[in-house]
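**Q** All I have is the shape, not the residue letters:
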């Protein structure tokens, strides 16, 4: 049976950054297991018609003024950034009977920044830097056993129903705490208080859905509009310009609008994706006119329907709380497991910056424990 120093469970931002940090410390004896068939986790891009740019189905923004650690990672990876477009007036939709009101727009402070080419650029950049070949997709962890100082991770290939196992010294959980407690069996069990904490920690984005419509050009800017809108009648409650930067009238196919859908999870499921897309398109026509009626492509990403993002606990809007403990304080698992998903970050839980923050803390903890064990 294969033996590795570290198993990283989850190939989203925190998992990939943890792998990057381990390699920076000269540690390549790890294995990374990701249940999806792509890396990125909740960072996911939409590339219509195989265009070279990507629109964010997951997180979109970061704020370097207050998240310098994340901004430094972006700079170190050499990724291009640009400010969210806020130029122009915004629209407010209060009822179906009244035309949308046009109000003076405002620039967010601190400035909301985006990555050129989409937020999944950071996933591609980190993955390209990793040298370790032991990164496996479509591999779901089902059980973790701890027997006589030996930790065994049991996993299953999604497409082949083939079971595998690997022995490790330490586990970095790059999976949201609620998903860990819901999907993985620990033997012996984790402390009951810790399981309760993790179950009660909302998974960021899990109840949410986004709609994106891609156009040939940002026609709303020609109307003096920023692309921002707020609505009390929906289905989208908040809308923004999702275009790539440096637009001019003759640039094609990388203009877009996106919106957060305010319809509850259960109701979205009853409506169905096709009808919900039609409602979203009708709303954009109400707000921005008939030019919104003919998108090149449009898509809904409903994170509540994602098996590896949401559980049955995630049907309601998130209630934010303090991050839970990232490891047991005592017992069999106290020195062998560390939570590093964004929800465990002490300063920016749930945010992209939180994934970097939590991964740093987790890898630092592992290295300290590893040195202590070596001296013992």
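**A** Yep, it's here. Bear in mind that the values here come from a model prediction, so they are computed numbers and not experimental data.
**Q** domain parsing for the chain?
**A** Annotated domains of the chain cover 1-43+120-203+319-376, 45-118+207-305 [automatic domain parsing].
**Q** Minimum distance to residue 313: which of these has it?
**A** Proximity to residue 313 (CB to CB) singles out domain 1-43+120-203+319-376 among those, at 6.2 Å. (Each C-beta comes from the backbone N, C-alpha and C, glycine too.)
**Q** how about residue 312, secondary structure?
**A** Secondary structure for residue 312, judged by DSSP: H, G, I helix; E, B strand; the rest coil, is coil.
**Q** Okay, helices next: where are they in the chain?
**A** 13-24, 68-76, 120-129, 177-183, 192-199, 219-222, 265-271, 273-288, 352-375 (DSSP state H).
**Q** okay, the domains of the chain in CSV with mean pLDDT, mean neighbour count and distance to residue 311 next?
**A** Formatted as CSV, the domains of the chain follow (pLDDT from 0 to 100; neighbours: other CB atoms under 10 Å; distance: least, CB to CB, whole Å):
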stretch, mean pLDDT, mean neighbour count, distance to residue 311
domain 1-43+120-203+319-376, 93, 19, 5
domain 45-118+207-305, 91, 17, 10
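**Q** ok so, going back, is it possible to get TSV of the helices of the chain that adds distance to residue 312?
**A** What follows is the helices of the chain, written out as TSV (distance: least, CB to CB, whole Å):
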stretch	distance to residue 312
helix 13-24	24
helix 68-76	31
helix 120-129	28
helix 177-183	8
helix 192-199	11
helix 219-222	39
helix 265-271	10
helix 273-288	20
helix 352-375	24
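**Q** looking at those, which is closest to residue 208?
**A** Going by CB to CB, the one of the helices of the chain nearest residue 208 is helix 265-271, 9.0 Å.
**Q** Distance check, residue 281 against residue 355.
**A** Residue 281 is 33 Å from residue 355, where distance means CB to CB, to the nearest Å.
**Q** again, but for residue 75
**A** From residue 75 across to residue 355, the span is 17 Å (CB to CB).
**Q** so residue 86 makes contact with residue 106?
**A** Yes. In this structure residue 86 lies within contact range of residue 106 using CB atoms under 8 Å: 6.9 Å.
**Q** can you list residues touching both of the two?
**A** Contact with both residue 86 and residue 106 is made by no residue, according to CB atoms under 8 Å, 6 or more residues apart in numbering.
**Q** Show me the contact partners of stretch 110-127.
**A** By CB under 8 Å, 6+ apart, stretch 110-127 touches 12-13, 16-17, 19-20, 39-40, 43-45, 52-56, 58-66, 73-74, 77-84, 135, 244-245, 352.
**Q** In strands only, show me those.
**A** 45, 55, 56, 81, 82, 83, 135 (DSSP state E).
**Q** Show me the beta-bridge partners of the fourth one.
**A** Right, residue 81. On the basis of DSSP bridges, residue 81 is bridged to residue 115.
**Q** what do you get for the last one?
**A** Judged by DSSP bridges, the bridge partners of residue 135 are residue 32.
**Q** Repeat that for the first one.
**A** Beta-bridge partners for residue 45, by DSSP bridges, are residue 56.
**Q** quick thing: my sequence starts at 35, can you match it?
**A** Yes, from this point I'll number from 35; that puts the last item at residue 79.
**Q** residues contacting it?
**A** For residue 79, the contacting residues are 88, 89, 90, 91, 152, 153, 154, by CB under 8 Å, 6+ apart.
**Q** do the last one as well
**A** Contacts for residue 169 were tallied using CB under 8 Å, 6+ apart; they are 45, 53, 65, 66, 68, 73, 161.
**Q** Please report the distance of it from residue 340.
**A** As judged by CB to CB, residue 169 and residue 340 stand 21 Å apart.
**Q** And for the first one?
**A** Distance, residue 79 to residue 340, by CB to CB: 15 Å.
**Q** Kindly report the same for residue 114.
**A** Residue 114 sits 29 Å away from residue 340, taking CB to CB as the criterion.
**Q** same check, this time on residue 150
**A** Taken as CB to CB, the span from residue 150 to residue 340 is 26 Å.
**Q** Save the domains of the chain as JSON lines, and put in distance to residue 347 too.
**A** Shown next, in JSON lines, are the domains of the chain (distance: least, CB to CB, whole Å):
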{"stretch": "domain 35-77+154-237+353-410", "distance to residue 347": "6"}
{"stretch": "domain 79-152+241-339", "distance to residue 347": "10"}
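**Q** Now residue 363. Nearest residue, chain neighbours left out?
**A** Closest residue in space to residue 363, ignoring its immediate chain neighbours: residue 225 at 7.9 Å, by CB to CB, 6 or more residues apart in numbering.
**Q** all strands in the stretch 135-284 of the chain, in order from the N-terminus.
**A** Ranges of strands in the stretch 135-284 of the chain, per DSSP state E, counting those that start in this stretch, are 135-137, 147-149, 169-170, 173-181, 184-191, 197-207, 219-221, 243-249, 259-265, 270-275.
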